[in-house]
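Asks: Predicted model and sequence follow; I will ask about them next.
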Amino acid sequence: MTLPDGASRVYDAGVTGFEIAKDISSSLAKISIAIRINGELCDLSLPITQDSDIAIVTRKDDEALEMIRHDCAHVMAEAVQNLFPGTQVTIGPNIENGFFYDFARNEPFSTDDFEAIEKEMRKIVERNSQFVREVWDRDEAIAYFRGKGENYKAELIEDLPESESIKIYRQGEWLDLCRGPHMQSTKQVGTAFKLLKVAGAYWRGDSSKAMLTRIYGTAWRSDDELKEYLHQLDEAEKRDHRKLGNEMDLYHFQPEAQGSVFWHPKGYVIYNALEQYIRRRVNDAGYKEIKTPQLIDNKLWEASGHWGKYRENMFVVPDEIPSVDDDGPVVSEHAFEKLMALKPMNCPAHVQVFKQGITSYRDLPIRLAEFGCCHRNEAHGALHGLMRVRQMTQDDAHIFCTEDQITDESVAFCGLIKDVYSDLGFDDVRIVLALRPESRAGSDEVWDKAEDGLRQALIKAGLEFEEEEGEGAFYGPKIEYHIRDAIGRSWQCGTLQLDFVLPERLDAHYIGEDGNKHRPVMLHRAILGTLERFIGIMIENYAGKLPLWLAPVQCVVATITASADDYARDIYEQLKAAGIRAELDIRNEKINYKVREHSVGKVPNLFVVGAREAEEKTVAIRRLGSQAQDVKSFDEALAEIVDEAKAPF
RNA sequence: GCCGCGGUAGCUCAGUGGUAGAGCGCGUCAUUGGUAAUGACGAGGUCGAGAGUUCAAUUCUCUCUCGUGGCACCA
């Protein structure tokens, strides 16, 4: 056996990892939980029959967390079956920071059951049952699980490839089908686990199949790690844009317009600042901004293919003046013969703009940008604050170009998007090339060409990317830009999609050098994705403390005594005149009160003025997140804040 | 859309089979204070909607609706 440090040891064939660990040192044996044999993670109890490179895995190793969580899922499954006989087990994989297990039970679980389940889990851990691995005959295994009424498990075994042996892990009386590996005993799961939530989940992720009950849990090496993780969850909750949006008075939602934002003055400041910034960016990058209709006749959606592929997400309205008769139908029986739809995407409308007049190859590329307001009939359960809405504004644009120009345009876009994300505070960007989905328009040849076009552009731009099958849009492959926020979450925002289909379907063409008609290629692209969602991401990323140029209120002038009111009013007016979003707080309140209120309100700059400042024409600046009082002349402070409040572009 | 959990004052939430409470916020008054909550008083609620059970429902049951955690879908 060759150890990680290169040393080798000799054992009889059939020696187990545990025996080796014990042989190396008894203290190692105590903390060992698994073994890597030629790189593969295995049970310590597995007999080793050949010369191998081995490494004993202990609780301290990276793999330990995964094993603890997976074993914890088994412990939870047993606990649930002990407490709720008749519950069927299904699958229970690890996920980021924890695990879940899906159960089939007529009566779903509730979080009220957690206490009892956790208590039972602790008993099983304390029981210190060995995890024992067995290999069963396939048919016997199926018969066994069927006999126990475990139909889901039986189905899982039936679907395992013939080449796969059927592995069963026992822990005391209880057993489960499992690929393994497992630690030595339930005791090694430890005590640092907690059940977090219950949720419905479809069997095999298929909405036509049965709804199971999923229990989510988390497990860690130590109670301290668990505590730390729970603390992180609390912190993430504090950043929730729905909570902050409410506290900062940015926007609201109400049932009469579910999924659509009512922007309040302060929220709309952010919205406008961001829109203006993007407008300057795309103008600079050679785009022309346009605005296209909201409500468009169905004929165009049929021609574009949206009616066929996207209908279930569209709001469709009859093109008829409703009846004014109180008793009669609001629309006639013929209403549905002529339909219009609120646009769910801007692309067909942009093709219409492109198609006006005759375009020469000399005009290409043509880049049409729109802050396009789109409506999508999202499922009720999908709606989530600003992150998932029914009315959204995309920072959309379509580039019409020749095939030869695809690479240059794509490379240019990659540069633009990188600059924008960097300006907005996101430097960790993951790029995914999403390939053809099952339901799609266009021939395989066209898809081959489109996928390769984007791939080549990414290579030329020198960017690292991953490819994902089946994730593309129905009309073309796409590059997805995923940004990572301050607390490590990933969001898909920007996208670049190559489309040979739509220009064809909507018959767009340009006149080439040869004097003949040619089909342009269309690049769909967005940087923020949608303004709504991006603002939600920004709020959470900055925990509400937005960069100065986006802050709804950039400066509050707060007085200590009424004797400074006139001076405060004067400098407030000067700040406003200089373009600073300032507020004046001359309320009859103590300065402590004002400082607290504006700190909680995430105001970046507080200019505090009392009699002394009024006398000396200074301000005492208090910055958000700092206790320091920086006293300087107002003129200097004004120049500084004006400079600092400039947008990055 | 599916499964679970919720909806009580502007906000955050407590509570009860006999038509309601706290803190913050809001209003009035006093206080003019030096960097994260000054004090007193006051106003404010058909307890999400509808139906049922009951002498009596905010409370129990059902339906609907909206929100929420997931699933499915997705920017």
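Replies: Thanks, I have it. Residues are numbered from 1 along each chain as shown, chains lettered A, B, ... in the order given.
Asks: can you give me the helices for the stretch 51-200 of chain A?
Replies: Per DSSP state H, counting those that start in this stretch, the stretch 51-200 of chain A has helices spanning A:62-83, A:114-127, A:138-147, A:151-159. These are given in chain order.
Asks: Excluding chain neighbours, give the residue nearest to residue A:70 in space.
Replies: Excluding its sequence neighbours, the residue lying closest to residue A:70 (CB to CB, 6 or more residues apart in numbering) is residue A:94, at 5.5 Å. Backbone N, C-alpha and C define where each C-beta goes, glycine included.
Asks: in terms of contact, does the one you found touch residue A:73 like I think?
Replies: Yes: under the contact definition of CB atoms under 8 Å, residue A:94 touches residue A:73, with a separation of 7.4 Å.
Asks: of those two, who's got more company?
Replies: residue A:73 (26 against 17; other CB atoms under 10 Å).
Asks: quick one: the strands in the stretch 501-649 of chain A?
Replies: Under the criterion DSSP state E, counting those that start in this stretch, strands of the stretch 501-649 of chain A are mapped to A:510-511, A:517-518, A:521-530, A:555-559, A:582-585, A:605-609, A:618-623, A:630-633.
Asks: what's the answer for the stretch 101-250 of chain A, then?
Replies: According to DSSP E, counting those that start in this stretch, the strands that the stretch 101-250 of chain A contains are A:131-136, A:166-171, A:174-177, A:193-202, A:211-219.
Asks: Measure how far stretch A:360-371 is from the centre of its chain, please.
Replies: Distance of stretch A:360-371 from the chain centroid (CA atoms, centre = their mean, to the nearest Å) equals 32 Å.
Asks: and it, which residues are buried?
Replies: A:361, A:364, A:365, A:366, A:367, A:368, A:369, A:370, A:371 (16 or more other CB atoms under 10 Å).
Asks: Residues touching it, excluding its own?
Replies: The contact list for stretch A:360-371 (CB atoms under 8 Å, 6 or more residues apart in numbering) reads A:275, A:278-279, A:282, A:285-292, A:346, A:349-350, A:353-354, A:359, A:393-402, A:405, A:409, A:510-513, A:518, A:520, A:531.
Asks: Could you write me a ChimeraX select line covering just the buried ones among the residues you listed?
Replies: Here is the ChimeraX selection string for the buried members of those, based on 16+ other CB under 10 Å:
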select /A:275,278,282,285,287,290,292,346,349,350,353,354,359,393,394,395,396,397,398,399,400,401,402,405,409,510,518,520,531
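Asks: quick one: which of the contacts of stretch A:360-371 sit in strands?
Replies: Using DSSP state E, the subset of the contacts of stretch A:360-371 located in strands is A:288-289, A:393-401, A:510-511, A:518.
Asks: Now do the same contact list for the residue nearest to residue A:70.
Replies: Counting by CB under 8 Å, 6+ apart, the residues that residue A:94 touches are A:66, A:69, A:70, A:73.
Asks: Can you classify the residue of chain A found nearest RNA strand B by secondary structure?
Replies: With CB to the nearest atom of the strand as the measure, the residue in chain A that lies nearest RNA strand B is residue A:381; the distance is 1.8 Å. Using DSSP: H, G, I helix; E, B strand; the rest coil as the criterion, the local structure at residue A:381 reads helix.
Asks: Now do the same for the nearest residue to residue A:243 once chain neighbours are set aside: its pLDDT.
Replies: The spatial neighbour of residue A:243 that comes closest, neighbours along the chain excluded (CB to CB, 6+ apart), is residue A:237 at 7.5 Å. Per-residue confidence for residue A:237 comes out at a pLDDT of 83.
Asks: Within reach of RNA strand B, which of the contacts of stretch A:360-371 are there?
Replies: For RNA strand B, no contacts are drawn from those by CB under 7 Å from any atom of the strand.
Asks: can you tell me the helix or strand for the spatially most central residue of chain A?
Replies: The C-alpha lying nearest the average C-alpha coordinate of chain A belongs to residue A:491 (CA atoms, centre = their mean; 3.7 Å). Under the criterion of DSSP states H and E, residue A:491 resides in strand A:490-499.
Asks: do that strand and RNA strand B meet?
Replies: Yes: Strand A:490-499 reaches RNA strand B (CB under 7 Å from any atom of the strand) through A:491, A:492, A:493, A:495.
Asks: wait, which of these is closest to residue A:424?
Replies: residue A:493 (9.8 Å; CB to CB).
Asks: Wait, residue A:312 touches residue A:378, no?
Replies: No: counting by CB under 8 Å, residue A:312 does not reach residue A:378; the two are 10.3 Å apart.
Asks: More neighbours: which of these two?
Replies: Applying other CB under 10 Å to residue A:312 and residue A:378 shows that residue A:378 carries more neighbours, namely 16 against 8.
Asks: follow-up on the earlier one: residue A:334 is nearest to which of the strands of the stretch 501-649 of chain A?
Replies: strand A:521-530 (35.7 Å).
Asks: returning to what we had before: near RNA strand B, list only the ones from the contacts of residue A:94.
Replies: Under the cut-off given by CB under 7 Å from any atom of the strand, RNA strand B has nothing from these close to it.
Asks: Turn those residues into a markdown table, columns for pLDDT.
Replies: Formatted as a markdown table, the entries for those read as follows, by pLDDT from 0 to 100:
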| residue | pLDDT |
| --- | --- |
| A:66 | 88 |
| A:69 | 92 |
| A:70 | 92 |
| A:73 | 92 |
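Asks: Which among the residues you listed count as buried?
Replies: When those are checked against 16+ other CB under 10 Å, the ones flagged as buried are A:69, A:70, A:73.
Asks: Now for the first one: which residues touch it?
Replies: Going back to what we said before, that points to residue A:69. Under the criterion of CB under 8 Å, 6+ apart, the contact partners of residue A:69 comprise A:94, A:98, A:99, A:218, A:219.
Asks: which residues touch the fourth one?
Replies: Contacts here follow CB under 8 Å, 6+ apart; on that basis residue A:218 touches A:69, A:97, A:98, A:99, A:193, A:194, A:196, A:226, A:229.
Asks: quick one, what contacts the second one?
Replies: Neighbour list for residue A:97: A:218, A:229 [criterion: CB under 8 Å, 6+ apart].
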